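Engineer: would you be able to build a 3D model of this:
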Amino acid sequence: MIERRTAPPSVDAMHAVGTAPDWVHEPWAKERAARFWHQVTDVGRDLLRVLIAGAEAGDGHQFTPAELVSKTSAKSAQSVAGTFGGVGQLIASEGLPSYTYAAGKQWHFIWDWDPKKRLYSMSPEMAKLLLEVGA
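Structural biologist: Below you'll find the predicted structure:
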């Protein structure tokens, strides 16, 4: 018998940078986060784990692409951007929301992503959720 899944409640498409998305506290958050996490590539997981560690440290550190390359199996700054692009596609396919930041730009899970500075970080609440599902 095939079990039919019901979609979780709809979430706002965007929320403000600096605040955790409301959905991380919903009963279905772990299921969605786990489904997302298990689809992420090894390189994507490596990159996200660095952001998770940064969020756990609580110092608000934002990582440059060069720092991420030095701490992971990513081969170059361009590969960091490409990998996060793939992660973003997975997030979108799961229907998870984006952060809205400067000039109406959007990105997924990652705070303060600036296309000129290219600084990457993650909210502590998101880091905690991903750790709970196996990150």
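Engineer: and the helix or strand hosting residue 69, what's its mean pLDDT?
Structural biologist: Using DSSP states H and E, residue 69 maps to helix 65-71. Model confidence over helix 65-71, given as mean pLDDT, is 94.
Engineer: stretch 51-59 too?
Structural biologist: Rounded mean pLDDT across stretch 51-59 is 87.
Engineer: which stretches of this protein aren't confidently modelled?
Structural biologist: Scanning the chain for pLDDT under 70 picks out the ranges 1-22, 97-115.
Engineer: what about the strands in it?
Structural biologist: The residue ranges that make up the strands of the chain, judged by DSSP state E, are 14-16, 98-101, 105-107, 110-111, 121-122.
Engineer: ok, residue 121 - how many residues close by?
Structural biologist: Look at residue 121: counted by other C-beta atoms under 10 Å, it has 20 neighbours. For glycine as for every other residue, the C-beta is placed from the backbone atoms N, C-alpha and C.
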